[in-house]
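Trainee: Structure, please.
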Amino acid sequence: VQLVESGGGLVQAGGSLSLSCAASGLTFSRYAMGWFRQAPGKEHDFVSAISRNGVYTYSSDSVKGRFTISRDNANNTVYLQMNSLKPEDTAVYYCAARDGPYRQNQNEYHYWGQGTQVTVSS
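Mentor: Below you'll find the predicted structure:
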């Protein structure tokens, strides 16, 4: 199984970025997908998750209304559209796959990508 994130970079506060995570080696539609982030010296924080069929989504309060998670099961890809970015959004962003319903707890995810850096300047 391989999850490969892309789309990170440097952006000014108030700007937007779109992350992608391409999955291979698994039956993508069987897996709920999540995005997590880790700032320096901190634990992984939950960002957003999406159900296997893409109908249900859940986001943390810190990103609700600014970030949107979506998926394309035909192309084995999950996305995270990030708008109105803030300096506190700076972190390495990871996608993760869970064989089952979506969850908020990182420990319930089975596969992880290598992460992509997002830096928001003030």
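Trainee: Show me which residues of stretch 2-12 are buried.
Mentor: Using 16 or more other CB atoms under 10 Å as the test for burial, stretch 2-12 gives 3, 5, 7-8, 11. C-beta coordinates here come from the backbone N, C-alpha and C atoms, glycine included.
Trainee: And the strands in this protein, which stretches?
Mentor: In the chain, strands defined by DSSP state E lie at 2-6, 9-12, 17-24, 31-38, 44-50, 57-59, 67-72, 77-82, 91-99, 111-112, 116-121, listed in chain order.
Trainee: And the second one, how far out from the chain middle?
Mentor: This points to strand 9-12. 17 Å (CA atoms, centre = their mean, to the nearest Å).
Trainee: what pairs with that strand, and is each one parallel or antiparallel?
Mentor: Here strand 9-12 has these sheet partners by DSSP bridges: strand 116-121 (parallel).
Trainee: Taking the centroid of this structure, which residue is nearest it?
Mentor: Nearest to the mean C-alpha position of the chain, by CA atoms, centre = their mean, lies Trp35 at 2.4 Å.
Trainee: show me the contacts for the closest residue to it other than its chain neighbours.
Mentor: Leaving aside its sequence neighbours, Trp35 sits nearest to Val47 (CB to CB, 6 or more residues apart in numbering; 4.2 Å). Contact partners of Val47, counting by CB atoms under 8 Å, 6 or more residues apart in numbering, are 34-37, 59-60, 63, 67, 69, 80, 93.
Trainee: can you pull the pLDDT of Val47?
Mentor: If you check Val47, the pLDDT there is 98.
Trainee: ok, what's across the strand from Arg37?
Mentor: Legend: beta-bridge partners of Arg37 under DSSP bridges are Asp45, Tyr93.
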